[in-house]
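Student: below are the sequence and a predicted model; questions follow.
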Amino acid sequence: MGLGYAMTAQFVWTYMATLERMNHSHPYDFWLMIFFGCASMVAGYSFLKIPPTFLGHNLSTFLVYVWSRYHEGVEVSMFELFNARAEMLPWLFLAQTFLLEGVFPTLDLLGILFGHIYHHLWTTNALKAPKFVINWYNGDSAMGTALREKYKTISSDFEMEGQ
């Protein structure tokens, strides 16, 4: 665990929270994004016969790519060292992997590829949370009700200013 790991953890902490806030009124959409990222990464690793050693870093590349597509054109600070446009963040992850770990960033490319596929499917309405998940969350089941109540107690943390 070196500098690359610390940088990845900071990015995930910062940008994953924003993705969750964007979907706070429909948490099942956030769950779908996480499931899609995890499942596509596992499938990609299996297809390429790569051992899934560090799926977390590559899932973070997926999440940062999705975040960057929702925030294109926004200037973001990189550890108060320099500013970059949001859409450059996934490519900075690639550079980070190459420069700090000394390996070709194949797995980061997978994260970007699957992030691009997810974003395209989501924005064209080809990918939506399954009805049974929506019905379960909104239904009268004890678990669905308990989850909604628990989510209500923390949802004020997710509300963004101006919404």
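Tutor: That came through fine.
Student: near Ala129, how many other residues are there?
Tutor: Counted with other C-beta atoms under 10 Å, residues neighbouring Ala129 total 18. Using the backbone N, CA and C atoms, a C-beta is placed for each residue, glycine as well.
Student: how about the secondary structure of it?
Tutor: coil (DSSP: H, G, I helix; E, B strand; the rest coil).
Student: low-confidence ranges in the chain?
Tutor: Residue ranges of the chain with pLDDT under 70: 1-4, 23-25, 54, 79, 155-163.
Student: can you give me the helices in the chain?
Tutor: Per DSSP state H, the chain carries helices over the ranges 3-22, 27-47, 55-70, 89-96, 106-123, 131-138, 142-155.
Student: so who does Phe11 touch?
Tutor: Residues in contact with Phe11 (C-beta atoms under 8 Å, 6 or more residues apart in numbering) are 60, 64, 89, 93.
Student: hmm, 6 Å instead?
Tutor: Applying C-beta atoms under 6 Å, 6 or more residues apart in numbering to Phe11 gives the contacts Val64.
Student: hang on, the earlier thing: most tightly packed of the helices of the chain?
Tutor: Greatest average neighbour count among the helices of the chain goes to helix 55-70 (a mean of 23), per mean count of other C-beta atoms under 10 Å.
Student: which ones are touching Phe98?
Tutor: Pro105.
Student: can we see that at 10 Å?
Tutor: 104-105, 108 (C-beta atoms under 10 Å, 6 or more residues apart in numbering).
Student: export the residues you listed to JSON lines and tack on distance to Ala129?
Tutor: Putting the contacts of Phe98 into JSON lines (distance: C-beta to C-beta, whole Å) gives the following:
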{"residue": "Phe104", "distance to Ala129": "35"}
{"residue": "Pro105", "distance to Ala129": "31"}
{"residue": "Asp108", "distance to Ala129": "27"}
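Student: nearest to Ala146 among those residues?
Tutor: Using C-beta to C-beta, Asp108 comes nearest to Ala146 of the contacts of Phe98, at 38.0 Å.
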